[in-house]
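1. Predicted coordinates and the sequence they were generated for:
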2 protein chains.
Amino acid sequence: MSISSKFLDALTPSAIRSITGQIRAKAAQGIEIYSFAGGLPDSNLFPVKELKDITDKVLETEGGDAIQYAASDGYDPLRNELVGLMKKKFSVENISYKNIFITSGSQQGLNYISKGLIEEGDIVVCETPTYVGAIDSIKSYGPRIVGIPMDNDGINLDKLEDVLKQYKDKVKFIYLIPDFQNPSGRCMSIEKRKKIVELAEQYDTYIYEDAPYSLISFTNQVMPAIKSFDKYDRVIYAGSFSKTIAPGIRVAWIVADEESIQKLIYMKMRDDLQVNNIAQRQVYGYLHNYDFDAHLRLINSTYMKRRDVMLQAVKDYFPKSTKVVKPEGGLFMWLEFDKDIDTLKMFDFVFSKNIAYVPGTFFCVGEQGLNTMRLNFATLHSDIIREKMKEFGLLIQEYLNG
Amino acid sequence: MSISSKFLDALTPSAIRSITGQIRAKAAQGIEIYSFAGGLPDSNLFPVKELKDITDKVLETEGGDAIQYAASDGYDPLRNELVGLMKKKFSVENISYKNIFITSGSQQGLNYISKGLIEEGDIVVCETPTYVGAIDSIKSYGPRIVGIPMDNDGINLDKLEDVLKQYKDKVKFIYLIPDFQNPSGRCMSIEKRKKIVELAEQYDTYIYEDAPYSLISFTNQVMPAIKSFDKYDRVIYAGSFSKTIAPGIRVAWIVADEESIQKLIYMKMRDDLQVNNIAQRQVYGYLHNYDFDAHLRLINSTYMKRRDVMLQAVKDYFPKSTKVVKPEGGLFMWLEFDKDIDTLKMFDFVFSKNIAYVPGTFFCVGEQGLNTMRLNFATLHSDIIREKMKEFGLLIQEYLNG
């Protein structure tokens, strides 16, 4: 008899991983899919040679000690390195390594916060649209999710305050992606960053600042983190190397006050003891001994070019009325079609021609978003983007002409 | 304001990791501790050179694809390899890679099962003494823990059945370490393995078979897993490479029926997406291309020698009335002193002389075990064990003479 519980039996595959599964199934049959669907960075840009050299050196100099059991807090040299990074890149000052907690990918950090904080009857507030993987993770702890619409400069603060008022003492945290948001590509303005910290303090709630895309900035300028305006220990910041170094090594970090970090460490002692040692040393070695900024410039210029190609293709081949916010960073472009175009219904048709995307409704909370779509412009080479986006545009025409 | 909840505020450091913390604190002051306390295998025995070569080859041949996002199920070549291992070593037949789920260490597997299954009012049954880290993890989900005393051939089945009867439909699972148990070093007999599967079926509960030490066998003979007698999908088997390859790479696995595995995969999609890719390839490469059996023979002969040295020292220098079960594998020796010796009270005295152990009471559930102690004989070299165990014995004399 399989294991069973109310909790387990309610779980389904996450929507995006289910599309990934369909793509893998076709790939297994030898069919090539051109996917704008996933959240994948381009694996050709990962610093493979550097990570190999670092690993060799670590194993040669540290030997078996490098792969012995280690502390649940994380690798201290990496934690110290991240103190510097938080200051230099995101203007987060006055922290020490004790404010840094290493996680096995940033989804794990969100999972810890959700597991740690959410109690029966709680509400979690998020932007809509937002990263569906986060919502799936948060939802598994049973809160009600309330989505707040976004303006071009981030979450609508008036509507947010209405909700905070309405559900006073019930909102456990506000989940935000302030930089090059997944899926919309939008950035939150500095003014809103300052104000939202005040709102969190005023309404006795927390902000979970999910910042995996912050360094993928096409102008190479990076906004100060919401955390940098946090005088009240109200912001839990989550950074990740999945988009800037490589996702398969699973290294991310949380920044919070020391007491909160200590509680997360106690959770980790129960959940999975510690993060992979070599991965932590790979990231430390890379940040400490290589030119991370040069690497970021390379990634960013490459992705910017691909964004330009995709944007041009949308203009040239997609329905004239398609609305798009030009993303200044990140991996994603968000399209809004005329109300009568249902991208969820259209998916099977386009996928049958071996092109994949994510229907925007998957990212929407408390609204339908049936006429929206998320495209990843980072994974594929510009030439393929150009060719396949043209094909995609023509497929949409064909679909609309019935 | 730090994050806070009933759940978070109840967490404390796990008892053993707290001792580890005290050791690290002394080490930071330059004081060398001779620790029989931790669960550490000897890092000098880790196949460092082989893992380095495998990593080099993986990164050279697969490039960035090796560190891209990957499936939540685990790396399929490793899953397939483990099907063979389960059959060859543990007589578990009729499974495919779909019955295997890769976890980031075996504590993660236990955490998933606890999180997935435990509901309000549930009971989890375990051996007493047992691995305190497991109990800490299980307890964080709120069940009542009931400990069942052990005989020399494993958990006492009569007492177990009494509890299963008494709390019918409330016992969510039975947590067992059948091979070279932590902390007692005992093995469960084949007869008991067969019977306990029948009990699980009869009382509609599950067995969590935690088997990290099974291959650390000084006779190099390995018992068939409880899972091998499971006709009913009542056994969730958890294996780990932490003791046989290296713990810092965090690779372990669960074996269960396909439907249960699928639910665990859905949990992983929410919790942390996937296990580190390189670590999975390191283990796969090691099992597939190197002589794992020869490596096991080396580890086992080394640890057996250290066990012998420790056993002799206990006989020579510890109080004459000390009882010890000679462990035929694993990492631990379990000592039982006269009732009037309180090893918890004695700890500070011994630790002040820079020797560490774990007071046995930490491992006990529903009994005190104040006169017991767990010693790890695997971490330190035999010469040091000989010298420090003598010193330890004299310290106990000194303590007892007050």
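-> Right, received. Where do you want to start?
2. three-state assignment of residue A:52?
-> With DSSP: H, G, I helix; E, B strand; the rest coil as the basis, residue A:52 sits in helix.
3. Report the central residue of chain A.
-> Per Cα atoms, centre = their mean, the C-alpha nearest to the average position across chain A is that of residue A:212, at 5.0 Å.
4. Surely that one and residue A:243 touch.
-> Yes. With contact defined as Cβ atoms under 8 Å, residue A:212 counts as touching residue A:243 (5.4 Å). Yep, even glycine has a C-beta here, placed from its N, CA and C like the rest.
5. ok, which stretches of the stretch 51-200 of chain A are strands?
-> A:100-103, A:123-128, A:144-151, A:154-155, A:171-176 (DSSP state E, counting those that start in this stretch).
6. How about the longest one, which residues are buried there?
-> Meaning strand A:144-151. A:145, A:146, A:147, A:148, A:150 (16 or more other Cβ atoms under 10 Å in any protein chain shown).
7. burial measure for residue A:9, as a count.
-> Other residues near residue A:9 number 12, with proximity taken as other Cβ atoms under 10 Å in any protein chain shown.
8. That one and residue B:254, how far apart?
-> 18 Å (Cβ to Cβ, to the nearest Å).
9. related to what we said a few turns ago, now, which of the buried residues of strand A:144-151 sits nearest residue A:235?
-> Closest approach to residue A:235 among the buried residues of strand A:144-151 (Cβ to Cβ): residue A:148, at 17.2 Å.
10. For the closest one, give the beta-bridge partners.
-> Taking DSSP bridges, one finds residue A:127 as the beta-bridge partners of residue A:148.
11. surely it meets residue A:126?
-> Yes. Counting by Cβ under 8 Å, residue A:148 touches residue A:126, with 7.2 Å between them.
12. Report the contact partners of the closest residue to residue A:175 other than its chain neighbours.
-> Sequence neighbours aside, residue A:126 is the residue nearest to residue A:175 in space, at 4.2 Å (criterion: Cβ to Cβ, 6 or more residues apart in numbering or on different chains). Counting by Cβ atoms under 8 Å, 6 or more residues apart in numbering or on different chains, residue A:126 touches A:134, A:135, A:138, A:145, A:146, A:147, A:148, A:174, A:175, A:176, A:365.
13. Leaving out chain neighbours, which residue sits closest to the last one?
-> Beyond its immediate neighbours in the sequence, the residue positioned closest to residue A:365 (Cβ to Cβ, 6+ apart) is residue A:147, lying 3.0 Å away.
14. where's that neighbour relative to residue A:125, distance?
-> 8 Å.
15. Over to residue A:11?
-> 23 Å.
16. How about the contacts made by residue A:71?
-> Applying Cβ under 8 Å, 6+ apart to residue A:71 gives the contacts A:274, B:24.
17. That one and residue B:135, how far apart?
-> From residue A:71 to residue B:135 the distance is 21 Å (Cβ to Cβ).
18. again with residue A:144
-> From residue A:144 over to residue B:135 (counting by Cβ to Cβ), the distance is 33 Å.
19. Would you mark the buried spots in the lowest-mean-pLDDT helix or strand in chain A?
-> When each helix and strand of chain A is scored by mean pLDDT, DSSP states H and E, helix A:15-28 comes last, with a mean of 82. Residues of helix A:15-28 classed as buried: A:15, A:16, A:17, A:19, A:20, A:22, A:23 (neighbour count, 16+ other Cβ under 10 Å).
20. The fourth one touches residue A:359, doesn't it?
-> No. In this structure, residue A:19 sits apart from residue A:359 without contact. The criterion is Cβ under 8 Å, and the distance is 9.0 Å.
21. so residue A:90 touches residue A:230, yeah?
-> No. If you go by Cβ under 8 Å, residue A:90 and residue A:230 don't touch, sitting 11.5 Å apart.
22. if we can go back for a sec, so for residue A:11 and residue A:125, which sits in the more crowded spot?
-> Higher neighbour count among residue A:11 and residue A:125: residue A:125, with 27 against 20, using other Cβ under 10 Å.
23. so what's the residue nearest to the centre of chain A closest to, chain neighbours aside?
-> Closest to residue A:212 by Cβ to Cβ, 6+ apart is residue A:240, at 4.0 Å.
24. quick one on the thing from earlier: redo the contacts of residue A:126 as TSV? Include pLDDT and distance to residue B:114.
-> TSV is the format used below for the contacts of residue A:126 (pLDDT from 0 to 100; distance: Cβ to Cβ, whole Å):
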residue	pLDDT	distance to residue B:114
A:134	95	23
A:135	94	24
A:138	96	20
A:145	97	25
A:146	98	30
A:147	97	31
A:148	97	34
A:174	98	29
A:175	98	25
A:176	98	31
A:365	92	29
